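[1] 3D model of this:
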Amino acid sequence: MTFRPVRPDRASARLRRAALGCLLSAPCAGLLGCDDAPAQTPGAAVSGGMPLHHMTAAEYNSTVAHLLGTSLRPADSFPAAGAKGFDANVGALSSLSQALVQGYYDAARQLAADAFSNEAQRAAILVCDPAAGAGDGCARDIIARFGLRAFRRPLEAAEVERYAAQYTHAMTALQMSPVEAVQHVVRALLTSPNFLLRIELGPDAAGSPGALNGYEIASRLSYLLWSSLPDDALFDAAARDELATEGDLRPQVDRMLADPKSTAFFRNFFGQWLGTRTLPSHEADVALFPPWSHELRGAMLDQANAYFAAFTTGERPWSEFLTAPHPESPQLAPIYENDPDGARGGFLTLPAFLTLSSHADRTSPTSRAKTILAQLFCTPLAPPAGVDIPELDAAGGDAIPIDNVRKKLEKHRESPDCAGCHDVLDPIGLSLEHFDPIGAYRTEYPNGDAIDATGVYEGTAFDDISGLVPALKEAAASGTCPTEQLFAYALRRSPTSRDRPEIEAIAAAWSGGTMGELVKRIVTSEAFRLRQGSGQGGAP
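    This next block holds a predicted model:
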């Protein structure tokens with residue numbers, strides 16, 4: 001991996017300091033690299049096309065794993081963030097909790113100690129012997145090389161000076177050995193906002209449109225597809241300015257999707273978009289559904305990720321997302337054992353989707369329909385303002401058992417306040433009633449009532465989900481939802497009206513091909529490659 005220093009730029013450094021300052025709005029008592037900058041407002045941190053991005057827990061764990069070779073997962077114990085929209089949590093910076101700040105400090109101390117207690121991890125950091133020879137030349141080399149990977153860009157000269165001074169201080173004032181002093185500096189680097197935030201400023205940071213620099217593109221690519229820092233190949237390409245053109249970027253996407261680290265793309269992009277990353281915390285009533293277990297739940301998630309992979313690293317086109325066969329899974333045999341021929345295929349009959357869109361003890365046709373419309377079709381759904389919608393269990397009193405969800409929903413629709421939404425949602429959700437709360441096929445409810453999955457969707461009658469899918473597939477073919485979702489994930493912000501022409505152009509050119517091809521069209525778009533000027537791309 002080559003290393004190329006960056007010439008300090010006054011405007012760049014000034015705006016970087018403004019960006020860094022937003023991480024803490026109160027005195028930080030020596031935490032998180034407070035010497036990097038005075039506090040500023042979060043608004044100063046936004047650079048055009050992508051907001052200042054605060055590393056998520058998943059990204060933090062992946063980044064430290066690839067940076068240090070550690071198996072520790074410190075972010076699992078960080079306070080949960082309330083970010084929405086693919087964790088575009090720039091707003092979280094203005095109210096960063098002291099508990100999370102302390103979590104970062106404790107994690108850095110733990111990670112540095114772990115790295116220097118392991119011979120292989122320590123050797124990867126100590127590219128030379130800091131105890132050999134006079135002066136701090138070796139320490140500076142270690143700082144520059146480790147800092148490149150930790151900050152996802154070469155350190156500026158002033159930054160190397162600052163961390164070299166910390167190294168010297170650790171030996172003289174704290175009586176540390178040279179190796180201990182390097183560990184001290186590593187800990188400081190891990191608490192810097194430059195590590196914790198993804199900051200895009202580049203050579204022209206005055207708000208003018210223009211190309212992102214190679215290191216910014218490398219970071220966008222790696223956090224899109226790996227949820228982690230760039231590898232040596234990306235850093236080298238950035239140093240040679242070989243991430244600027246479509247011809248540069250498309251082979252990188254192929255290489256990165258073929259890497260095992262791309263499993264993070266399935267877990268985090270699809271997991272957030274379609275909800276599968278919440279499956280590990282989902283519970284079903286084992287008394288009602290005996291096959292349910294931790295192992296079964298894990299097999300559902302593995303199968304869903306394998307399904308997503310077929311559309312991303314495989315050759316299956318997205319146009320088959322609602323009809324494709326399911327990956328085989330011996331662990332899920334109890335779920336599939338009662339399926340009649342032709343009953344199952346496509347995302348909507350995956351056990352993972354059917355389970356996540358159900359309650360612990362019963363199915364939820366409304367939840368299933370809302371997930372289909374909101375997630376797969378990007379249809380905004382909200383109850384009428386000022387309307388108190390009763391829970392389904394309360395509809396119709398206790399005379400009608402909750403076991404028969406269709407009858408309960410019929411009572412729900414008797415209310416004019418509820419009918420408007422349920423007339424749209426219920427036919428879609430009820431088409432899946434043959435599948436129970438853990439996705440197994442059934443022909444009757446627990447009380448013996450026969451399952452009725454019939455309905456009418458936009459004038460077309462169907463007997464069950466297999467009859468509804470062709471209409472849903474036709475509607476999906478003319479939509480832009482997958483493009484909108486991937487665009488938002490890649491840029492960590494919601495698309496705006498100014499993005500609409502580019503999104504529609506990308507969707508039309510992609511035309512339901514593989515998800516891998518859509519990734520390439522997103523990363524070669526101007527929105528991904530260019531820094532937007534003031535008033536572009538960042539507001540509705």
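[2] Doesn't A309 lie inside a helix?
    Yes - using DSSP: H, G, I helix; E, B strand; the rest coil, the assignment for A309 is a helix.
[3] got a list of what it touches?
    For A309, the contacting residues are F266, by C-beta atoms under 8 Å, 6 or more residues apart in numbering. Heads up, the C-betas are built off the backbone N, CA and C, glycines and all.
[4] now do the one 4 residues further on
    By C-beta under 8 Å, 6+ apart, the contact set of T313 is 257-258, 262, 516.
[5] of these, closest to L100?
    Distance from L100 was checked for each of these by C-beta to C-beta. The minimum falls on S262, at 28.4 Å.
[6] where does the residue lying closest to the closest one once chain neighbours are set aside fall, phi/psi-wise?
    Nearest residue to S262 in three dimensions, chain neighbours excluded: L225, at 5.5 Å (C-beta to C-beta, 6 or more residues apart in numbering). Per-residue torsions, L225: phi -100, psi -20 (degrees, to the nearest 10).
[7] Identify the residues contacting L225.
    Taking C-beta under 8 Å, 6+ apart as the contact definition, L225 lies against 253, 256-257, 261-262, 264-265, 519.
[8] do you know how far it is from F195?
    Separation of L225 from F195 (C-beta to C-beta, to the nearest Å): 20 Å.
[9] Mind checking which of the contacts of L225 are in helices?
    When DSSP state H is applied, those are split such that 253, 256-257, 264-265, 519 fall in helices.
[10] Identify the farthest-apart pair in those.
    The most widely separated members of these are V253 and A264, with 14.5 Å between them, by C-beta to C-beta.
[11] From A352, how far out is E444?
    Computed as C-beta to C-beta, the E444 to A352 distance reads 24 Å.
[12] who has more neighbours, these two?
    A count of neighbours by other C-beta atoms under 10 Å puts A352 above the other of E444 and A352, at 24 against 12.
[13] ok, the closest residue to P325 other than its chain neighbours - how many residues close by?
    Beyond its immediate neighbours in the sequence, the residue positioned closest to P325 (C-beta to C-beta, 6+ apart) is G345, lying 5.9 Å away. Around G345 there are 17 other residues, counting by other C-beta under 10 Å.
[14] how about G345, what does it touch?
    When contacts are taken as C-beta under 8 Å, 6+ apart, G345 is in contact with 323-326, 466.
[15] from those residues, which would you call buried?
    Buried by 16 or more other C-beta atoms under 10 Å: 323-324, 326, 466, out of the contacts of G345.
[16] Looking at those residues, which are in helices?
    Residues of those located in helices (DSSP H): S466.
[17] Which one of the buried ones among the contacts of G345 is nearest to K408?
    Of all these, S466 has the smallest distance to K408: 24.2 Å, by C-beta to C-beta.
[18] The closest one against G342, yeah?
    Yes - using C-beta atoms under 8 Å, S466 makes contact with G342 at a distance of 6.4 Å.
[19] so which strand or helix has A461?
    Assigned by DSSP states H and E, A461 falls within strand 460-462.
[20] whoops, L72 was the one
    Assignment of secondary structure by DSSP H and E places L72 within no helix or strand.
[21] tell me the domain ranges of this protein?
    Taking automatic domain parsing as the criterion, the chain consists of the domains 10-208, 209-274+479-540, 279-467.
[22] Adding distance to K473 and mean pLDDT, write these out as a markdown table.
    Below are the domains of the chain laid out as a markdown table (distance: least, C-beta to C-beta, whole Å; pLDDT from 0 to 100):
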| stretch | distance to K473 | mean pLDDT |
| --- | --- | --- |
| domain 10-208 | 25 | 78 |
| domain 209-274+479-540 | 10 | 91 |
| domain 279-467 | 5 | 86 |
